[in-house]
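J.: I need the structure of the sequence given here:
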Amino acid sequence: MSSLTKPNIVLILADNLGWGELGCYGGGVLRGAPTPRIDALAAQGLRLTNFNVESDCVPTRTALMTGRHPIRTGALQSVPAGLPQGLIPWEITLGQLLSTQGYATAIFGKWHLGDRPGRFPHERGFDEWYGIPRTTNESMFTSTPGYDASVVPLPYVMEGKRGEPARDVAIYDLEMRRKIDSQLTERSIDFMQRQVQAGKPFFTYVPLTQLHYPTLPHHDFAGKTGAGDFADSLVEMDARTGQVIDFIDKSGLTENTVFIFASDNGPEFRRPWRGTAGPWTGTYHTAMEGALRVSFMVRWPGHVPAGGVSNEIVHVTDIYTTLAHIAGAALPSDRPIDGVDQRDFFFGKAEKSAREGFVYFIKDELRAAKWRDWKMHMVWETEPNAGPIHLETPWVFNLKQDPKEETDVGTQYNWARRPLRVLIQDFQQSLKQHPPIPPGAPDDYQPK
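T.: Predicted structure coming up:
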């Protein structure tokens with residue numbers, strides 16, 4: 001596949017967008033926030049109802065960028081104080097893979113996989129970066145009584161280009177928090193315009209900051225719904241996505257662009273910014289379905305049939321592997337890659353997903369596993385910080401019969417434990433063969 005025939009790739013990743021927020025997932029007007037642009041995008045391709053992510057921001061983003069479960073990479077949410085955060089340089093990011101295939105690569109948004117030289121995204125496979133190195137709640141620092149910048153450094157929006165040092169652009173305060181997604185959208189479009197003019201395929205990764213708390217809309221959207229800041233921010237997200245779609249479609253790139261919209265996590269649990277997971281129980285930071293399942297849709301006319309909806313299991317690690325194959329890139333062969341190639345499933349050539357299940361960790365603790373319609377919890381926690389209960393006998397749920405995970409059927413359907421335990425045992429054996437990278441490992445760490 002020559003660089004001229006390689007498809008462009010646009011990946012918009014919402015932050016803490018719950019399963020039940022968008023109109024095409026039962027939200028929209030019910031949330032006081034119509035989402036017509038994202039709903040239309042979903043109808044033009046394949047929409048998944050069983051797309052699964054990790055427990056919170058850093059783990060999901062490392063899984064997306066490496067195709068590996070975060071327990072392997074050590075890129076967990078909580079890293080010991082004073083140690084480096086995010087991915088060690090040994091990991092091979094999706095940006096690096098696509099760069100080898102002649103793609104121009106850029107990220108406009110939240111990185112959260114390294115916040116110091118050597119780990120910024122423009123040093124990890126992306127030609128350009130504009131956004132925040134960590135997360136959005138830092139925008140509240142400067143307006144909080146008692147904040148001391150000599151103790152906790154000021155948060156900044158940053159910019160970087162391959163081969164150059166990153167630079168601070170603006171303090172990330174509440175005013176910038178309102179503005180940033182508009183800037184991310186504008187810069188994404190500018191980047192793509194430049195690549196079209198250069199005749200180069202592009203990978204545009206747009207990890208938006210909405211709906212992460214504080215969930216504050218741009219001034220152009222404030223008060224638009226009459227249903228509050230959260231609904232206004234959801235409408236803004238829909239509009240920003242629409243701007244990117246319009247550029248692709250009006251530029252004649254639709255047929256040659258893989259367009260993905262997804263969320264990184266289940267809904268926010270902190271009030272007053274609490275979101276909804278629709279029919280599922282729970283929020284992120286738990287092992288409930290409300291944490292695991294999020295929105296996902298992919299459009300690629302001529303390859304992905306329009307109007308598809310599937311409840312087959314897909315995991316965020318699969319995106320790494322699938323996009324690598326679409327771009328013609330070889331996967332790393334010296335490490336376990338957990339993502340599986342979903343091209344046949346996405347393209348309508350296979351009715352079933354290429355995976356039947358996965359294991360689920362929070363930090364370094366195995367919490368649950370899913371297999372087909374079954375879910376087994378080893379640790380039970382329905383709300384973050386509610387005090388996890390370590391179960392002597394794991395609870396088993398049938399997710400079609402009991403989507404809210406209310407009734408343990410492990411005695412009635414005891415046979416279902418076996419495939420779940422085999423799934424767990426196989427993964428644990430893999431961890432023994434390939435020991436996990438410890439959280440906070442230095443840049444020069446080399447796995448054995």
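
J.: what distance separates the start and the end of stretch 107-115?
T.: 15 Å (CA to CA, to the nearest Å).

J.: max-length strand in this structure?
T.: strand 389-398 (DSSP state E).

J.: What strands line up against that one, and which way round?
T.: strand 374-380 (antiparallel) (DSSP bridges).

J.: what are the ranges of the strands in the stretch 51-200 of the chain?
T.: Remark: strands assigned in the stretch 51-200 of the chain by DSSP state E, counting those that start in this stretch are 104-110, 128-132, 156-161, 167-171.

J.: partners of the first one in the sheet?
T.: Strand 104-110 has these partner strands in its sheet, going by DSSP bridges: strand 128-132 (parallel), strand 202-207 (parallel).

J.: The last one too?
T.: Strands that pair with strand 167-171, judged by DSSP bridges, come out as strand 156-161 (antiparallel).

J.: contacting residues around the strand it pairs with?
T.: 120-123, 127-133, 166-172, 176, 180 (CB atoms under 8 Å, 6 or more residues apart in numbering). Using the backbone N, CA and C atoms, a C-beta is placed for each residue, glycine as well.

J.: ditto for stretch 110-121
T.: 15, 57-58, 61-62, 65, 75, 84-87, 89, 95, 107, 123-124, 129, 131-136, 158, 160, 165-166, 207-209, 212, 443.

J.: next one: stretch 222-241
T.: Here stretch 222-241 has contacts from 12, 14, 17, 21, 31-38, 41, 178, 181-182, 184-185, 208, 210-211, 215-218, 220-221, 261, 272-273, 275, using CB under 8 Å, 6+ apart.

J.: May I have the residues that are in contact with the residue nearest to the spatial centre of the chain?
T.: For the chain, the residue nearest the mean C-alpha position is residue 264 (2.9 Å; CA atoms, centre = their mean). Residue 264 makes contact with 13-17, 53, 57, 60-61, 64, 207, 294, according to CB under 8 Å, 6+ apart.

J.: where's it relative to residue 108, distance?
T.: 15 Å (CB to CB, to the nearest Å).

J.: With residue 63 instead?
T.: 20 Å.

J.: Now do the lengthiest helix in the chain, average pLDDT.
T.: Ordering each helix of the chain by length in residues (DSSP state H) puts helix 174-198 first. Regarding helix 174-198, the rounded mean pLDDT is 98.

J.: so can I have TSV of the strands paired with strand 104-110 showing distance to residue 373 and mean neighbour count?
T.: Below are the strands paired with strand 104-110 laid out as TSV (distance: least, CB to CB, whole Å; neighbours: other CB atoms under 10 Å):
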stretch	distance to residue 373	mean neighbour count
strand 128-132	38	24
strand 202-207	31	26
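
J.: any chance of those strands in a markdown table, with mean pLDDT and distance to residue 69 too?
T.: As requested, the strands paired with strand 104-110 are exported to a markdown table (pLDDT from 0 to 100; distance: least, CB to CB, whole Å):
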| stretch | mean pLDDT | distance to residue 69 |
| --- | --- | --- |
| strand 128-132 | 98 | 25 |
| strand 202-207 | 98 | 20 |
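
J.: export these to TSV and tack on distance to residue 379?
T.: Below are the strands paired with strand 104-110 laid out as TSV (distance: least, CB to CB, whole Å):
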stretch	distance to residue 379
strand 128-132	31
strand 202-207	29
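
J.: which regions of the stretch 101-250 of the chain lie under the pLDDT threshold?
T.: Within the stretch 101-250 of the chain, no range satisfies pLDDT under 70.

J.: Quick check: nearest residue in space to the residue nearest to the centre of the chain, chain neighbours excluded?
T.: residue 60 (4.5 Å; CB to CB, 6 or more residues apart in numbering).

J.: isn't the one you found right next to residue 51, touching?
T.: No - with contact defined as CB atoms under 8 Å, residue 60 does not count as touching residue 51 (11.2 Å).

J.: any common contacting residues for those two?
T.: In contact with both residue 60 and residue 51: residue 316, using CB under 8 Å, 6+ apart.

J.: How about the host helix or strand of residue 369, which residues are buried there?
T.: Secondary-structure assignment from DSSP states H and E places residue 369 in strand 365-371. For strand 365-371, burial by neighbour count (16 or more other CB atoms under 10 Å) applies to 366-371.

J.: Among the residues you listed, which one sits closest to residue 309?
T.: Using CB to CB, residue 370 comes nearest to residue 309 of the buried residues of strand 365-371, at 19.3 Å.

J.: now the helices: where do they sit in the stretch 251-400 of the chain?
T.: Secondary structure of the stretch 251-400 of the chain (DSSP state H, counting those that start in this stretch): helices at 289-292, 317-327, 343-346.

J.: got the CA positions of the first one in PDB?
T.: Coordinates of each C-alpha in helix 289-292 appear next as PDB, following Å, rounded to 0.1, in the frame of the first residue of the first chain:
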ATOM      1  CA  GLU A 289     -20.500  -1.900  33.300                       C
ATOM      2  CA  GLY A 290     -21.000   1.800  33.600                       C
ATOM      3  CA  ALA A 291     -17.200   2.100  33.800                       C
ATOM      4  CA  LEU A 292     -16.300  -0.400  31.100                       C
END
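
J.: Report the distance from it to the chain centre.
T.: 13 Å (CA atoms, centre = their mean, to the nearest Å).

J.: one step back: what would the contacts of residue 264 look like in JSON lines with distance to residue 226?
T.: What follows is the contacts of residue 264, written out as JSON lines (distance: CB to CB, whole Å):
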{"residue": "13", "distance to residue 226": "28"}
{"residue": "14", "distance to residue 226": "22"}
{"residue": "15", "distance to residue 226": "24"}
{"residue": "16", "distance to residue 226": "23"}
{"residue": "17", "distance to residue 226": "21"}
{"residue": "53", "distance to residue 226": "31"}
{"residue": "57", "distance to residue 226": "30"}
{"residue": "60", "distance to residue 226": "32"}
{"residue": "61", "distance to residue 226": "34"}
{"residue": "64", "distance to residue 226": "35"}
{"residue": "207", "distance to residue 226": "29"}
{"residue": "294", "distance to residue 226": "27"}
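
J.: circling back: whichever of the contacts of stretch 110-121 end up buried, select them in PyMOL.
T.: A single PyMOL command selects the buried members of the contacts of stretch 110-121 (16+ other CB under 10 Å):
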select buried, resi 15+57+58+61+62+65+75+84+85+86+87+89+95+107+123+124+129+131+132+133+134+135+136+158+160+166+207+208+209+212
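
J.: Quick one: neighbours of residue 407, just the number.
T.: 12 (other CB atoms under 10 Å).

J.: so who does the nearest residue to it once chain neighbours are set aside touch?
T.: Of all residues not flanking residue 407 in the chain, residue 397 sits nearest, at 7.2 Å (CB to CB, 6+ apart). Taking CB under 8 Å, 6+ apart as the contact definition, residue 397 lies against 374-377, 405, 407-409.
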